[in-house]
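Novice: Fold the following and give me the result.
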Amino acid sequence: MISSWSLAIDQDSGYILRSFKRNLSTNSSLTPASINHVLKSLQKQADLNQIGELSGHSFRVGAALDLLDKNIPLEKIMLRGGWKSETSAMRYLQSWNDSNWLIIN
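Specialist: Numbers count the residues shown, from 1 in each chain. Next up is the predicted model:
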């Protein structure tokens, strides 16, 4: 399947997932805006509006929460999420957790 996609986009290297230009040629990768657009479109199609608006940060926070749930040390979570300080990581995770607690449980 990946080899078929590589032929379709006429590329044999680089990122697999790419955004499209208006003329249907591809960009070299997905941009944050294109990821957000895809997520919002999929969320609307799946009628998942009750969980709040999805964005690229949804994956970042979701992955961090999954790691936290698996008792992975905060230092490793910070490396994966790109946080430089424990305070930033905890504030980010706590604010997300507080605002979505009823949805998760």
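Novice: If we go by neighbour counts, what in stretch 41-59 is buried?
Specialist: Under the neighbour-count criterion of 16 or more other CB atoms under 10 Å, stretch 41-59 has 43, 54, 58 buried. C-beta: built from backbone N, CA, C; applies to glycine.
Novice: tell me which element the first one is part of?
Specialist: Spelled out, that is Q43. helix 32-45 (DSSP states H and E).
Novice: again with the last one
Specialist: S58 is part of helix 56-69 when elements are defined by DSSP H and E.
Novice: immediately after that helix, which helix or strand?
Specialist: Counting by DSSP H and E, what follows helix 56-69 is helix 74-81.
Novice: which strands and helices sit next to that next one?
Specialist: Applying 3 or more CB pairs under 8 Å, 6 or more residues apart in numbering; DSSP states H and E, one finds that helix 74-81 makes contact with helix 56-69, helix 86-104.
Novice: that older thread, for the helix holding Q43, give me every contacting residue.
Specialist: 19, 27, 30, 49, 51, 53-56, 58 (CB atoms under 8 Å, 6 or more residues apart in numbering).
Novice: just to revisit the earlier point, would you mind listing the outside residues contacting the helix holding S58?
Specialist: Contacts of helix 56-69 (CB under 8 Å, 6+ apart): 32, 35-36, 39, 74, 76-77, 80-82, 89, 92-93, 96-97.
Novice: Send me that helix as PDB with only the CA atoms.
Specialist: Extracted in PDB, the C-alpha atoms of helix 56-69 (Å, rounded to 0.1, in the frame of the first residue of the first chain):
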ATOM      1  CA  GLY A  56      -2.800  18.400  16.600                       C
ATOM      2  CA  HIS A  57      -2.300  19.100  20.300                       C
ATOM      3  CA  SER A  58      -4.900  16.400  21.000                       C
ATOM      4  CA  PHE A  59      -2.400  13.800  19.900                       C
ATOM      5  CA  ARG A  60       0.400  15.400  22.000                       C
ATOM      6  CA  VAL A  61      -1.700  15.500  25.100                       C
ATOM      7  CA  GLY A  62      -3.300  12.100  24.500                       C
ATOM      8  CA  ALA A  63       0.000  10.400  24.100                       C
ATOM      9  CA  ALA A  64       1.400  12.100  27.200                       C
ATOM     10  CA  LEU A  65      -1.700  11.000  29.200                       C
ATOM     11  CA  ASP A  66      -1.300   7.400  27.900                       C
ATOM     12  CA  LEU A  67       2.300   7.400  28.900                       C
ATOM     13  CA  LEU A  68       1.500   8.800  32.300                       C
ATOM     14  CA  ASP A  69      -1.200   6.100  32.700                       C
END
